[in-house]
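Participant: Could you look at this predicted model? Sequence included:
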Amino acid sequence: MRIDRKNSPFYFVTILALGLFLVVAIRFGEYPRVPFAHGGAGQNVSGFAWSQTIGWISFNCLDSSGASSPQQNTCATTDYGVNIDMSTGNFSGFAWSSSFGYINFSPTPDAATGCTASPCARLDGATNNVSGWARACDVLAAADCTGTTMKSSQALGGWDGWIKLSDPSWANPANYGYLGSPGVVYDAGGHNGIYFDPASSKLKGFAWGGLVVGWVDFAPVVPPGAGGVFVNLPPPGISVTPIQLDFGNVEVATSRTLAFSVTNTGAIGSLLSGTVTVPSGTSFTISSGNAYVTCTGSTSCTYNFIPSSSSGLLNVTFTPPAASSGETTQVTFSSGGALADVAKTVFGNGVYLVSSSGLNFGNVVIGKTKDLVLTIQNNGSLDLGSDNLSFPFPVYTCVFGCPFNLPPGASVNATIRFTPTAVAVYNGNAYLTAHPSVTFPFTGNGVTASFKFKDQ
């Protein structure tokens, strides 16, 4: 929902919320710390969000001061932080507001007012969208931030403490800018609340905290032109191994599959996401090798939310449709600008699996003949059907066993005759007439006869 600050209901909601905030802030003051709200370096979310009514919300005690002043580490005395489980996407832990105290990102579900099921907040690895709720602890009667029993409406001004993280009816507006000055549109994708931007390893978007908190901006600009303040996850790194994939010789119309491993070499708590592509129209296709990789076709895949020190597997399959030599292309791993693209080369040969050692006739006197047997073996799974031999020179002929059939596993013997017609070297490749990529080296020399006379 694109908000016009002056011409939409939210403008008036904000004005009302400011009034309520003044009343509630005086009544609440500085809230007591929740002693078990652990965070700090053990949590993977950090940074600040901004509400026009309650100010800065800190997501980690490592950077717990206001975003417009030098950040301070308060973990030794006030330990808190928000965490995202890399395997499930579930949120847990606590953020901190100097106006309202702790905000629980894994609150007890309360179907009557907010979250209906546990976990209350979750990051979807397929869409990068965050769904669910967080809740301000100090609306609850329990001092340890558990349960659903609330303080009296009189004490709270009617606020239930829920902060909604997304809604299908929303479209993120421009951010709040510097302390409410005009902001910029940073969500060109039109998300409906909080979302993860893998290109920057940041959580962005808007949450809604009711009349008291209002809209919570996860990517405010402070100050203008300085790049903003964000809610961050640690930056990922990328390593793709091996250096290349060599498929060697692969029988025509069959396949061989090898794999690349894409590893997140970033800091603990980081998430690596991106796309993998291979050019269409080649003999190479790609597919998923494990849960971190998903594919929408044979030339485009994504790697999603790979945790630090974990790896996604990308299968690459080579299926040569015909005999070819040195087919090659590149597979590109792109993290959407967060990291430099990684391009890996893949190559292979399409062959018919037919074997023979060729023939060497040596020296043969011009006009004379020499016969040798050429053994041809079909080692592949394809039926090569009826075939014959073609020769590099007419001095070579097949005198027995041609033509022949080559079903899978067949072995045939063809008798080849060499009849040189001149003093010359007759070196070249014979080949299967129907499958000219299958060759056999022939060598032979035409020589003159030599005579030796015995002394009388």
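Facilitator: Noted; the coordinates are in hand. Numbering: from 1, shown residues only.

Participant: Ala126: how many residues sit nearby?
Facilitator: Burial of Ala126 is recorded as 10 neighbouring residues (other Cβ atoms under 10 Å). (Each C-beta comes from the backbone N, C-alpha and C, glycine too.)

Participant: Nearest spatial neighbour of it, chain-adjacent residues omitted?
Facilitator: Excluding its sequence neighbours, the residue lying closest to Ala126 (Cβ to Cβ, 6 or more residues apart in numbering) is Asn304, at 6.8 Å.

Participant: List the neighbouring strands of whichever strand or helix holds Thr275 plus their orientation.
Facilitator: Assigned by DSSP states H and E, Thr275 belongs to strand 271-277. Strand partners for strand 271-277, identified by DSSP bridges, are recorded as strand 300-307 (antiparallel), strand 324-334 (antiparallel).

Participant: Mean neighbour count for these - can I get that in JSON lines?
Facilitator: Shown next, in JSON lines, are those (neighbours: other Cβ atoms under 10 Å):
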{"stretch": "strand 300-307", "mean neighbour count": "22"}
{"stretch": "strand 324-334", "mean neighbour count": "16"}
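
Participant: mind checking which of the ones you listed is nearest Tyr195?
Facilitator: Of all those, it is strand 300-307 that lies closest to Tyr195, at 13.1 Å by Cβ to Cβ.

Participant: Remind me what the very next helix or strand once past that closest one packs against, helices and strands.
Facilitator: Next helix or strand after strand 300-307 toward the C-terminus (DSSP H and E): strand 311-318. Based on contacts counted as 3 or more Cβ pairs under 8 Å, 6 or more residues apart in numbering; DSSP states H and E, the elements that strand 311-318 packs against are strand 244-251, strand 256-264, strand 284-288, strand 293-295, strand 300-307, strand 324-334, strand 342-351.

Participant: and strand 311-318, average pLDDT?
Facilitator: The predicted model assigns strand 311-318 a mean pLDDT of 97.

Participant: Name the surrounding residues that touch that strand.
Facilitator: Counting by Cβ atoms under 8 Å, 6 or more residues apart in numbering, strand 311-318 makes contact with 245, 247, 250, 255-264, 276, 278, 283-290, 292-293, 301, 303, 306, 327, 331, 346, 348, all of which sit outside it.

Participant: If we use 6 Å, what do you get?
Facilitator: Contacts to strand 311-318, defined as Cβ atoms under 6 Å, 6 or more residues apart in numbering, come from residues 245, 247, 250, 255-263, 276, 283-287, 289-290, 292-293, 303, 306, 346, 348.

Participant: quick revisit: could you export the helices and strands packed on strand 311-318 to TSV, including columns for distance to Leu211?
Facilitator: Supplementary listing: those in TSV, determined by distance: least, Cβ to Cβ, whole Å:
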stretch	distance to Leu211
strand 244-251	59
strand 256-264	41
strand 284-288	46
strand 293-295	41
strand 300-307	35
strand 324-334	43
strand 342-351	49
